[in-house]
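1. give me the fold of what follows.
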Amino acid sequence: MNSDLDPLAPDDAMEMWLERQQATKADETIQSYRYRLEQFVNWCDQQRITNLNDLTERDVFRFDNECRSDDLSVSTLNNRLGTLKLFLAFCQKMNAVTEDVVTAVDVPPLDVETRVDDEMLNTERAKTILDWLDTYRYGSREHALFALAWHTGCRLGGLRALDLGDVFLTEDDLPRIRHYPEVSEQAFEALREEIGVPFVYFRHRPDTGTPLKNGVGGRRPVALNDETAEVLRAYIKVNRVETTDDHGRTPLFSSEKGTGRLSKSAIRRSFYIVTQPCRFGADCPHGRDIETCEAREHGLESRCPSSRSPHPIRSGSITDHRDRGWPPEDVAERVNATPEVIRAHYDHPQLLKRMQSRRRFIDGGEDE
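-> Below is the predicted model:
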């Protein structure tokens, strides 16, 4: 033990660091941090490291090697070890570990190609999932969640924030907009003949438990295609649980458990499940035995290397919109981001598709 350091238990340090992150990070980010760090804290417990003062560079290398032997993707390793490095840097400031321990964490770099391959759900996979859901789970809650997420490119928080009354499938639904504070009676009457259906309306309601990431700036109506609208109609008619949440609201994605509104973790788990290839009859691309694979167990679905959380589905949706010729400004308004953010973080083009989408701007010449 280094006598110049101040004693600090790994689990206590984790709670201190997570508490500090709560001031600037979203709840789902904190949950991700906790999940990654709990693996390190549990590993320390297995190694009988009860004081971070005892942690050495060799220990870090051993933990790193165990992570890399778990058949994890580069992006997963980047996230796990990147979080660990941030955590240990905090511990260094608390005088619990040395600078050498922090430096020993080797975070694998993540280039654009790796992000595309390991994170973003591509269009081909999304269509395969939608085809399977159309055939075997039509109108189910997971079908409605995935179809809406892929078609609109919305965030997890946006999905959870939707009420039944935020879904406009027919013209008879339109008068409901009059109850929205941001839509005046005069504006509604002036635009009524121009408003087309179907669409959903994402709204910021922080006082009743469903804030949007960008606050009132995330408030927006988003048009739907007929296929997605039909999935929602079937889900609402047949499979939606009739209930209200703790605030007396009627959530679109409801649950018999908890508050009555589907939790973020339940939504995330739904996406992990439907993005596992083995769920729709494909062989495991990772050579695992489906009967014994831990990722088939309840709560462990994210351990499948092919499973995807809502964010990569959003990334894939945004890229698909761009590949189909949507200008970045229009995509930005649809998904509640800036054109600059889309170009920098989400826009991973398939170059041949982009060439084809640009042909409509050409007057007889070849694409250059």
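
2. could you point out the helix or strand that follows the worst-scoring helix or strand of the chain on mean pLDDT?
-> None of the helices or strands of the chain scores lower by mean pLDDT, DSSP states H and E than helix 112-118, at a mean of 47. Later in the chain than helix 112-118, the nearest helix or strand by DSSP states H and E is helix 123-136.

3. next one: that next one to chain centre, how far?
-> 18 Å (Cα atoms, centre = their mean, to the nearest Å).

4. over to stretch 238-257?
-> 22 Å.

5. with stretch 220-229 instead?
-> 20 Å.

6. C-alpha coordinates for it, PDB please?
-> Output of stretch 220-229 as PDB, limited to C-alpha atoms (Å, rounded to 0.1, in the frame of the first residue of the first chain):
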ATOM      1  CA  ARG A 220     -42.400  18.900 -32.200                       C
ATOM      2  CA  PRO A 221     -44.900  17.000 -34.400                       C
ATOM      3  CA  VAL A 222     -43.300  14.300 -36.600                       C
ATOM      4  CA  ALA A 223     -45.100  12.900 -39.600                       C
ATOM      5  CA  LEU A 224     -45.500   9.100 -40.000                       C
ATOM      6  CA  ASN A 225     -45.900   6.900 -43.000                       C
ATOM      7  CA  ASP A 226     -49.000   4.700 -43.400                       C
ATOM      8  CA  GLU A 227     -47.200   1.500 -42.500                       C
ATOM      9  CA  THR A 228     -46.000   2.800 -39.200                       C
ATOM     10  CA  ALA A 229     -49.400   4.300 -38.500                       C
END
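
7. buried ones in that stretch?
-> 220-222, 224, 228-229 (16 or more other Cβ atoms under 10 Å). All C-beta atoms are positioned from the backbone trio N, CA, C, and that covers glycine.

8. and for stretch 13-23?
-> Buried-residue list, stretch 13-23, by 16+ other Cβ under 10 Å: 13-14, 17-18, 21.

9. in contact with the nearest residue to residue 308 once chain neighbours are set aside, which residues?
-> Closest residue to residue 308 apart from its sequence neighbours, by Cβ to Cβ, 6 or more residues apart in numbering: residue 275 at 4.2 Å. Contacts for residue 275 (Cβ atoms under 8 Å, 6 or more residues apart in numbering) come out as 121, 125, 129, 306-308, 313.

10. tell me the spacing between residue 275 and residue 250.
-> In this view, residue 275 and residue 250 are 28 Å apart by Cβ to Cβ, to the nearest Å.

11. and the contacts of residue 275, which is closest to residue 298?
-> The shortest approach to residue 298 among the contacts of residue 275 belongs to residue 307, at 13.7 Å (Cβ to Cβ).

12. what sits closest to that closest one if chain neighbours are left out?
-> residue 272 (4.3 Å).

13. and what of residue 231?
-> Of all residues beyond its chain neighbours, the one nearest residue 231 is residue 147 (4.7 Å), with distances taken as Cβ to Cβ, 6+ apart.

14. was I right to think the one you found contacts residue 132?
-> No: with contact defined as Cβ atoms under 8 Å, residue 147 does not reach residue 132; the gap is 11.8 Å.

15. the more surrounded of the two?
-> Per other Cβ atoms under 10 Å, whichever of residue 147 and residue 132 has more neighbours is residue 147, with 25 against 17.

16. next one: phi and psi at the more buried one?
-> When read as degrees, to the nearest 10, the backbone of residue 147 gives phi -60, psi -40.

17. how far away is it from residue 271?
-> Taken as Cβ to Cβ, the span from residue 147 to residue 271 is 12 Å.

18. repeat that for residue 126.
-> 11 Å.

19. okay, and the common contacts of these two?
-> Common neighbours of residue 126 and residue 271 (Cβ under 8 Å, 6+ apart) are residue 313.

20. more crowded one of these two?
-> residue 271 (26 against 21).

21. hang on, isn't that one packed against residue 304?
-> No: using Cβ under 8 Å, residue 271 is not in contact with residue 304; the gap is 11.5 Å.
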